[in-house]
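*Asks:* Build me a structure from this.
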Amino acid sequence: MKKTVSMADELSLGTRVTPNLQKCLNRREDLMFFMVEIDISIPNTIGNDELKQLQTAEAALAKSYQTSGQWIGIYRVVGRYANVSLFDVDSTDELHAILTSLPLFPYMSVKVTPLCKHPASIS
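*Replies:* Predicted coordinates:
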């Protein structure tokens, strides 16, 4: 499947699409994952009960994306309300839809990095 990246994709990725990145994105077999770094900052206006509800809904939705194979890894960043996650999706649009569906999305700072198989990889 051929992947092309539009200017909108560049904006949603938060990165400039260089010719090498475009080449990698065009070869689906080389595109392994999207690494997503998420920092969460809850405002003081959110009460404990509302926060618990958001966290419970977030955990349930995250589990469903993990079960579907789209969210393939989630790792806590020690000492912060943050995580680094790995996603296996077909497009930046699909990733954007997943991230914006999360109940805590309004309180997230998100950085997306597309990861391609390294030429020196033996696997």
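
*Asks:* C-alpha only now, for contacts and for neighbours.
*Replies:* Will do.

*Asks:* Need the residue closest to the centroid of this structure.
*Replies:* Compute the mean C-alpha point of the chain, and by C-alpha atoms, centre = their mean the closest residue is Val36, 3.8 Å away.

*Asks:* Name the nearest residue to Thr113, ignoring sequence neighbours.
*Replies:* Distances taken as C-alpha to C-alpha, 6 or more residues apart in numbering place Met35 nearest to Thr113, at 5.1 Å, with adjacent residues excluded.

*Asks:* Parallel or antiparallel, which strands does the helix or strand hosting that neighbour pair with?
*Replies:* Using DSSP states H and E, the element containing Met35 is strand 31-40. Sheet pairing for strand 31-40, assigned by DSSP bridges, gives strand 82-87 (antiparallel), strand 108-116 (antiparallel).

*Asks:* Determine the longest helix present in the chain.
*Replies:* Across the chain, the longest stretch assigned as helix under DSSP state H is helix 48-68.

*Asks:* What is the subsequent helix or strand relative to that helix?
*Replies:* Next element after helix 48-68 (DSSP H and E): strand 71-76.

*Asks:* Can you tell me the strand partners of that following strand and which way each runs?
*Replies:* strand 82-87 (antiparallel).

*Asks:* now the helix or strand that the partner strand is followed by and helix 48-68, what's the angle there?
*Replies:* Heading C-terminal from strand 82-87, the first helix or strand you meet, by DSSP H and E, is helix 92-101. Put simply, helix 92-101 runs at 150 degrees to helix 48-68, going by axes from the mean of the first three to the mean of the last three C-alpha atoms, to 10 degrees.

*Asks:* mean confidence score for helix 92-101?
*Replies:* Averaging pLDDT along helix 92-101 gives 95.

*Asks:* What lies in contact with stretch 46-59?
*Replies:* 102-104 (C-alpha atoms under 8 Å, 6 or more residues apart in numbering).

*Asks:* ditto for stretch 75-83
*Replies:* Where contact means C-alpha under 8 Å, 6+ apart, the residues beyond stretch 75-83 that reach it are 37-41, 74, 84-85.
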